[in-house]
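**Student:** Okay, here's the prediction I keep looking at, along with the sequence it came from:
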Amino acid sequence: MIDGKRPEPVITVKVQEADFDIAQLQSKLLGGACAEGAITTFTGYVRRDNEDRRIDQLALEHYPGMTERSITEIAEQAAERWPLLAAYVVHRIGKLAPGEQIVWVGVASKHREAAFSACEFIMDYLKTRAPFWKKETASGTEHWVSARGTDSERAARWQDGGIE
Amino acid sequence: MIDGKRPEPVITVKVQEADFDIAQLQSKLLGGACAEGAITTFTGYVRRDNEDRRIDQLALEHYPGMTERSITEIAEQAAERWPLLAAYVVHRIGKLAPGEQIVWVGVASKHREAAFSACEFIMDYLKTRAPFWKKETASGTEHWVSARGTDSERAARWQDGGIE
Amino acid sequence: MLKVLFFARVREQLGCAALELQWPEHGLDLDGLQEQLCRERGARWRAVLAQDNMVRAVNQTVVSGNRALHNGDEIAFFPPVTGG
Amino acid sequence: MLKVLFFARVREQLGCAALELQWPEHGLDLDGLQEQLCRERGARWRAVLAQDNMVRAVNQTVVSGNRALHNGDEIAFFPPVTGG
């Protein structure tokens, strides 16, 4: 910044059933201000198959209140670690078909390394700390998706002594 | 993949004066096929200020032919290191105003860690290997932007013995 | 009063999404609450709540180990999360 | 024939974007080409092409150190890139 002050990053978190428009989200990320530097985004899509099963439907349950709060905390932690202009997270709940958009994370920063790291950090913690649960229907049978050990490992990378 | 075969990733590289539409690019990334897994994108914007100077204009020069070729090689190397479905790079040339979009990199993969790493890898190498040069006009004075040492360091991280 | 919530597979296994309990005059901690639920509701609850990887949250913050509770707290039991 | 290209600051400093040179019967390598340009075009060219960090490419591939050239090659001189 020319005036040497780091602006407070704008953090937005939405949990919704409705689909989202990624171009609109990216332009909203800075709340109408023009971007500068870098925006990194992550879009997650519902898988079409899981191991050998073709997925017919995914249902997402969440813990209302705690979800928004935990995602906001994750984004705030990212903003403490890296110089961010803004972070925006949208996560869908309810019934979704394979190929549908399920989550979008956008991070704006003047520095590309900060934008990349913060976006990945938010996704890693979203996977391990935000209270969402997935239930798949495949070949007419429902089952809850198990947490992946690799998700916890990826989140743990960011702890003290891990990568910066 | 259900059939156990890794599909050949679709690599697209464009160098153009025209602006681009990120939503259209993200939908083109898989060539009309529906996404699954993850898409990571990076959008770079022209800076508004550089150290103490307000930037009036940025002019981008490139080496026609070598540019497309070197970006394609970078994307192919990313596709050898990580299981990608597609990678799409658009880089603008010519005269740009502060705040305008200058580069977009989109990577699709079934795995989010691959999508993140490949997108960052492509950007790091784009900065150090693709023949683009920036000339800034600030307060009526033109000057060529110097290469940053940190860009070379970031690219070097990916070499043997570096992070995966 | 205490509000107790169950999510996802835990909710299904118990057949219960939410409970409201009177706040006991003698006070209660998190382990004590879990023991009380098991005692009152039987072997099925005891088996479900003792599962490996059960996550417990107090006032929407995940806690590890036991924790003092206070009147008005919101407690939740759920399996490891799988979001995104 | 050899095609020699100059980009960005190097192009401006030399006042030259592209040259075409006859392929010499005795052959030529990259250092030899650079020396020939300096000899024919004078001190300014010698100073510019000797700058630290000068990048040289043969047939659109960056090379480090000297390299044999062949008739028809495209050689480029340019400063470190700053794309993206």
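**Tutor:** Cool, got the structure.
**Student:** lowest-confidence helix or strand of chain A?
**Tutor:** Evaluated with mean pLDDT, DSSP states H and E, the helix-and-strand set of chain A has its lowest mean pLDDT in strand A:49-50, which scores a mean of 78.
**Student:** Quickly check: that strand near chain C or not.
**Tutor:** No - taking C-beta under 8 Å from any C-beta of the partner chain as the criterion, strand A:49-50 and chain C are apart, separated by no less than 11.5 Å. All C-beta spots, glycine's among them, are computed from the backbone N, C-alpha and C.
**Student:** Whether that strand contacts chain B - can you check?
**Tutor:** Yes - remark: strand A:49-50 sits within contact range of chain B at residue A:49, by C-beta under 8 Å from any C-beta.
**Student:** ranges for the helices of chain C?
**Tutor:** Per DSSP state H, chain C has helices spanning C:8-14, C:30-41, C:43-49. These are given in chain order.
**Student:** Of those helices, which stretch is the most buried?
**Tutor:** With neighbours taken as mean count of other C-beta atoms under 10 Å in any protein chain shown, the helices of chain C reach their highest mean count in helix C:8-14, at a mean of 19.
**Student:** on that earlier part again, which of the helices of chain C sits closest to residue C:57?
**Tutor:** Taking C-beta to C-beta as the measure, the helices of chain C were each checked against residue C:57, and helix C:30-41 came out nearest at 9.9 Å.
**Student:** Just name whatever secondary elements that closest one is in contact with.
**Tutor:** Applying 3 or more C-beta pairs under 8 Å, 6 or more residues apart in numbering or on different chains; DSSP states H and E, one finds that helix C:30-41 makes contact with strand C:2-6, strand C:18-21, helix C:43-49, strand C:55-58.
**Student:** Pick out the residue of chain A closest to chain D.
**Tutor:** Ranking the residues of chain A by distance to chain D (C-beta to the nearest C-beta) places residue A:112 first, at 7.9 Å.
**Student:** sorry, back to before: could you spell out the sheet neighbours of the least confident helix or strand of chain A, each with its direction?
**Tutor:** According to DSSP bridges, the neighbouring strands of strand A:49-50, each with its direction, are strand A:53-62 (antiparallel).
**Student:** In the partner strand, which residues are buried?
**Tutor:** Within strand A:53-62, the residues that count as buried by 16 or more other C-beta atoms under 10 Å in any protein chain shown are A:55, A:58, A:60, A:61, A:62.
**Student:** can you check stretch A:143-155 too?
**Tutor:** With the criterion 16+ other C-beta under 10 Å, stretch A:143-155 contains buried residues A:144, A:145, A:147, A:151, A:154, A:155.
**Student:** Please list the members of those that lie in strands.
**Tutor:** Assignment to strands by DSSP state E places the following of the buried residues of stretch A:143-155 there: residue A:144.
**Student:** Output the set of residues of chain C in proximity to chain A.
**Tutor:** Listed as neighbours of chain A in chain C under the rule C-beta under 8 Å from any C-beta: C:5, C:7-9, C:53, C:57, C:60, C:62, C:76, C:78-84.
**Student:** for the helix or strand harbouring residue A:43, packing partners?
**Tutor:** Element membership of residue A:43, judged by DSSP states H and E, is strand A:37-45. Packed against strand A:37-45, as judged by 3+ C-beta pairs under 8 Å, 6+ apart, are the following elements: helix A:22-28, strand A:101-109, helix A:112-129, strand B:37-45, helix B:112-129.
**Student:** The first one and chain B, are they touching?
**Tutor:** Yes - counting by C-beta under 8 Å from any C-beta, chain B has neighbours in helix A:22-28: A:22, A:23, A:26.
**Student:** which residues touch that helix?
**Tutor:** A:12, A:39, A:41, A:43, A:88, A:90, A:101, A:104, A:106, B:21-23, B:26, B:43 (C-beta atoms under 8 Å, 6 or more residues apart in numbering or on different chains).
**Student:** follow-up on the earlier one: name the member of the residues of helix A:22-28 next to chain B that has the highest neighbour count.
**Tutor:** Of all these, the highest neighbour tally under other C-beta atoms under 10 Å in any protein chain shown goes to residue A:26, namely 21 neighbours.
**Student:** now the residues of helix A:22-28 next to chain B in a markdown table, with pLDDT?
**Tutor:** Output for these, formatted as a markdown table (pLDDT from 0 to 100):
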| residue | pLDDT |
| --- | --- |
| A:22 | 92 |
| A:23 | 89 |
| A:26 | 91 |
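**Student:** With respect to residue C:14, which of the residues you listed is nearest?
**Tutor:** For residue C:14, the nearest member of these is residue A:22. The distance, counting by C-beta to C-beta, is 38.4 Å.
**Student:** Residue A:85 versus the closest one, what's the distance?
**Tutor:** Using C-beta to C-beta, to the nearest Å, residue A:22 is found at 18 Å from residue A:85.
**Student:** and if you look at residue C:48?
**Tutor:** When distances are taken as C-beta to C-beta, residue C:48 and residue A:85 turn out to be 45 Å apart.
**Student:** for residue A:31, same thing?
**Tutor:** Here the distance between residue A:31 and residue A:85 works out to 10 Å (C-beta to C-beta).
**Student:** and chain A, which of its residues are near chain D?
**Tutor:** Residues of chain A lying near chain D (C-beta under 8 Å from any C-beta): residue A:112.
**Student:** Quick check: the residue of chain A nearest chain C.
**Tutor:** Closest approach between chain A and chain C, counting by C-beta to the nearest C-beta: residue A:132, at 2.9 Å.
**Student:** How many residues are close by that residue?
**Tutor:** Counted with other C-beta under 10 Å, the neighbours of residue A:132 add up to 25.
**Student:** Mind listing residues that contact stretch C:16-23?
**Tutor:** Identification of contacts with stretch C:16-23 by C-beta under 8 Å, 6+ apart yields C:1-7, C:11, C:33, C:36-37, C:71-72.
**Student:** Check the offset of it from the chain's centre.
**Tutor:** 9 Å (C-alpha atoms, centre = their mean, to the nearest Å).
**Student:** Let me see the mean pLDDT of it.
**Tutor:** Mean pLDDT, taken over the full extent of stretch C:16-23, equals 96.
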